[in-house]
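# structure, please.
(2 chains)
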Amino acid sequence: MNLSTEQSRRNFLRTLAIGAGGMAVLGSYGFIFQEESANGEIKAIVVDFTKCAGCRTCETACSAYNHQVEIDGQLMKGLGNPDLSNIKVWHYNPDVDIPVTCFLCEDAPCIEACPIAIDPVTGRKALYRDETFSTIKCDLDRCIGCGKCSKACHEKSGGVIFPNKETGKPERMCTLCDGDPQCVKYCPYGALQYLTITPDMPLRNTSPDKIAEKMIEQYYQGY
Amino acid sequence: MKGYNGIILEIDLTSETINKKQIPEEDLLNYIGGRGLGMKLLYDYLPEAGVDPLSPENPLLIMPGPFSGFPIPSSSRTCVVTKSPKTFPLSKKYEHSSTVSYSNMGGFVGPEIRFAGYDGLLITGKAKKPVYIFIEDDVVEIRNASRYWGMGTDKFDKYFIEDLRDRKFESFYIGPAGENLVPYASVINTAARAAGRGGVGCVMGSKNLKAVAVKGTGMPTVANHKDYLDLLEKARVSFSEDTDNRKFWRDEGTTGALKYSSDRGSQAVKNYSEGTFEGIENLATESARKKIWKRDFACFSCALSCTKSGYAKGAYGTMVHDAPEYETGTMLGANLMIDSLEGLAKLIFVADDYGMDIISAGNTIGFLMECYEKQLIDKDFLDGIDLQWGSVDASLQMLHKIGKMEGVGKLAAQGVKPLAGKIGKGSENFAIHVKGHELAAWNVPAYEKTGISYTTANRGACHLNGGDISEQDGIAIMDSLGACAFAEGWYKDELHYRHFLSALTGLEWSEKEFDKAGERIFNLEKMMNYREGFDRNDDILPERFYTNKFTMGPKEGAVVDREEFKNKMDEYYEARGWNKETSRPTDEKLEELGLGFLT
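The predicted model follows:
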């Protein structure tokens, strides 16, 4: 397991620094955390694409935690069906693998696109940013399943949100697993970390196609 | 049964019928899945012995195991099972006598078949025109693939996923070698993961089937959820430890074996005439890392990432999906006396792009190089190719000829046994095959277990067969579960495979029953070969290994002792419970294994 010790954190950051210039491409998380985080740090999932081997363990770990099942009255992790995962590793040829999960964009184009009026009491649209971990959530009672959030996410950010096949309501927004992201915990390659981020991290809110393009150029001279 | 979907997807390309067939529980219990269940289905579906492997009647089975699709680390393997177009008995009982074939690939497509709701695909018939099969959960369609026919596997891999407009699809496919019916054509997935051996791509080509695309959203249920979670957690913790074993696979992959094998005199060098290669440093890990490798990549839910991709620069500049690894690096490198890493990378890329088995291709080119050096054939025979030892360009020309089935390529595509038959003049002695199937990159002299592995393998010469009975039955089980042999070291004691299978199915698998299942599978294969006319006379090593002495390396002077090897084989048949004159499993043995229907 990749324990978020101070040591591993430093090593990780050093790798990113060495790999600067497009080698290390980072997942990006917004400033919005700053005010809400108790110690003033912004914590988010950061991806080092030079380490990802594309095994999709993260998908199974995410799915198992976020789709728990009740067995003999006890709530347990699910089987880990990757189709239900909120993180998705996209594979390309020439070989690169691009894990993408909700970037929690500071400008949140998904929320921007939500046509449901702001509730005067809660201050929320149907799609809103939750205070606890600054994750994007959907009020399923108010959501009309128009699909605009998903469209906005695909046009302006990582293309993470997908509408539910039956209801059209948005799915696949990262939950950060109540502060213990399972993708980070189980990544065998240390490619994912739950870290304090800085605003200068490259390739934020970017689609996997574009990230893949950069990585392919870097590795294979654009073959 | 829990742990399974319980369904085989049958597709007949002649009648264009699709049938979701319930698998009898008994078959799951006896043959587990993957290779084992595939063999039982092959037996059930082949109408009789002697079926032409390239006829519509020969089924092509794509078989993930019960582990495939669950995130059990390193369990993504998928076995392609069919009747081999690549093997021949010494005395033919039928015009088309051949062995069973099974070839194993990693990647993601096996798990995806399980997500779509199937435990395997069974493809029969022959399409009128090139087709591909489209599977999205319940939706199964046979679609036109004319525009892809002739396309190399690398280009196809890129275009196909674009056309499907959803990167969640996984696929497997053949290249021009399979289309042109090269008997050792491979099945490829994810650009370079190959079910390389035994001509499985040739059978796929004979059905006019270019590819299968599959996407699924489901998953089989498990019987004992808590046990499953506990075992999974323990396995993940175990794989998270930075052991030497893990380091080896991650840092070097099988490439690490290039130098190791050369140093211990067990490498196929210069058509197996040597066990050590002087130029090995140029091809080995350090060199590959410095010159080519950019990243490691892994199969589904695997912590070992043994595959290395990169880019070779220079005159042979090429994308490298997975190179060199031990088999490809030896067969197109050391075995041909090629020590240019970039040249080797190009050869590997081209062979993969045609979709041909690099082991058989490298072995065959090495054989021809030796024939040419000994002047048993001339340049005319080779369509003007100056096939000298060490020549990248000449080898490259040969690969193109083979992939296109042009001129000498048409002959070379048949492999070393038919070639030696044609060339004669003593070339049979250094035609390195067993039952017509070319040997792989591990040389034989001084390592008798390697010899046993080759002679007794049910698909013809096979380096992954295991050198003794216990290894062989164990490997049959791994191939049936979907487990990867490279990760075997992790699955011991409380993490033994049988505990996982017990949790998935809810059946308590004892060690004895587990081992017996492996033995059952191996014996079923053996009997299918036996009814085709393969007997002890076919379990023989190439003559070279008894007479040719290595001139260098730690095994200098080594040869296989004929008498000693014969005794070892006697012991093997006896321990197997087989008749040592004929090699046929005894009726008692078959009854004991629940194979009474074969007596």
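
# B:E581: neighbour count?
Using other Cβ atoms under 10 Å in any protein chain shown, B:E581 has 10 other residues around it. Any C-beta I mention is one placed from the backbone N, CA and C, and that applies to glycine too.

# cool, B:S75 as well?
Counted with other Cβ under 10 Å, B:S75 comes out at 30.

# can you name the residues of the stretch 51-200 of chain B that neighbour chain A?
Taking Cβ under 8 Å from any Cβ of the partner chain, the part of the stretch 51-200 of chain B that reaches chain A is made up of B:F70, B:P71, B:P73, B:F108, B:F115, B:D154, B:D157, B:K158, B:I161, B:R167, B:T190, B:A191.

# and the fourth one, what are its phi and psi?
Pointing back at B:F108 there. Dihedral angles of B:F108 (phi, psi; degrees, to the nearest 10) stand at phi -130, psi -10.

# chain A: strands as residue ranges?
A:43-47, A:69-71, A:74-76, A:88-92, A:96-100, A:127-129, A:136-138, A:162-163, A:170-171, A:192-196 (DSSP state E).

# secondary structure and neighbour count added to the residues of the stretch 51-200 of chain B next to chain A, as CSV?
As requested, these are arranged in CSV below (DSSP: H, G, I helix; E, B strand; the rest coil; neighbours: other Cβ atoms under 10 Å in any protein chain shown):
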residue, secondary structure, neighbour count
B:F70, coil, 28
B:P71, coil, 27
B:P73, coil, 29
B:F108, coil, 30
B:F115, helix, 26
B:D154, helix, 23
B:D157, helix, 23
B:K158, helix, 15
B:I161, helix, 19
B:R167, coil, 18
B:T190, coil, 24
B:A191, coil, 25
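
# pLDDT and distance to B:L411 added to the residues you listed, as a markdown table?
A markdown table is the format used below for these (pLDDT from 0 to 100; distance: Cβ to Cβ, whole Å):
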| residue | pLDDT | distance to B:L411 |
| --- | --- | --- |
| B:F70 | 98 | 46 |
| B:P71 | 97 | 47 |
| B:P73 | 98 | 44 |
| B:F108 | 97 | 37 |
| B:F115 | 98 | 43 |
| B:D154 | 97 | 26 |
| B:D157 | 97 | 30 |
| B:K158 | 96 | 32 |
| B:I161 | 97 | 36 |
| B:R167 | 96 | 41 |
| B:T190 | 91 | 32 |
| B:A191 | 87 | 29 |
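
# which one of those is nearest to chain A?
B:P71 (3.7 Å; Cβ to the nearest Cβ).

# so what's the nearest residue to that closest one once chain neighbours are set aside up against?
With Cβ to Cβ, 6 or more residues apart in numbering or on different chains as the criterion, B:P71 has its nearest non-adjacent residue at 3.7 Å, and that residue is A:T60. Counting by Cβ atoms under 8 Å, 6 or more residues apart in numbering or on different chains, A:T60 touches A:G80, A:N81, A:P82, A:S85, A:Y186, B:P71, B:S301.

# returning to that earlier point: of all the strands of chain A, which one is nearest B:F534?
Among these, strand A:88-92 comes nearest to B:F534, with 40.8 Å by Cβ to Cβ.

# where's the residue in the stretch 451-599 of chain B that chain A sits nearest to, which helix or strand?
Residue nearest to chain A within the stretch 451-599 of chain B: B:L504 (10.0 Å; Cβ to the nearest Cβ). Using DSSP states H and E, B:L504 maps to helix B:497-505.

# give the next helix or strand downstream of that helix.
helix B:511-531.

# how distant is that next one from the center of its chain?
19 Å (Cα atoms, centre = their mean, to the nearest Å).

# any buried residues in the helix or strand following that helix, and which?
Where DSSP H and E defines the elements, the next helix or strand beyond helix B:511-531 is helix B:544-547. Within helix B:544-547, the residues scored as buried using 16 or more other Cβ atoms under 10 Å in any protein chain shown are B:R544, B:F545.

# now do helix B:544-547: everything it contacts.
With contact meaning Cβ under 8 Å, 6+ apart, helix B:544-547 is reached by B:272-273, B:429-430, B:432, B:444-445, B:451, B:559-562, B:565.

# following it, which helix or strand comes up?
helix B:562-576.

# for the helix or strand just after that next one, buried residues please.
In the C-terminal direction, the helix or strand that comes right after helix B:562-576 (DSSP H and E) is helix B:587-592. Applying a neighbour-count criterion of 16+ other Cβ under 10 Å, one finds B:K589, B:L590, B:E592 buried in helix B:587-592.

# buried only: go through the contacts of helix B:544-547 for me.
If we count by 16+ other Cβ under 10 Å, the contacts of helix B:544-547 have these buried: B:Y272, B:S273, B:F430, B:I432, B:V444, B:P445, B:G451, B:V559, B:V560, B:F565.

# tell me the least confident of these?
Across the buried ones among the contacts of helix B:544-547, the smallest pLDDT goes to B:P445, namely 88.

# ok, it - contacts?
B:G275, B:F545, B:N548, B:F550, B:K555, B:A558, B:V559, B:V560.

# count of residues packed around the fourth one?
Neighbour count of B:F550, defined by other Cβ under 10 Å: 21.

# from B:Q267, how far out is it?
From B:F550 across to B:Q267, the span is 10 Å (Cβ to Cβ, to the nearest Å).

# list residues touching both of those two?
B:E274, B:G275, B:T276.

# quick one: contacts of stretch A:143-163?
A:86, A:88, A:100-103, A:105, A:109-116, A:126-127, A:136, A:138, A:164, A:167-174, A:205-208.

# if we use 6 Å, what do you get?
Contacting residues not belonging to stretch A:143-163 are listed as A:100, A:102-103, A:105, A:109-110, A:113-114, A:126-127, A:167-172, A:205, A:207 [Cβ atoms under 6 Å, 6 or more residues apart in numbering or on different chains].

# right, I'll leave it there.
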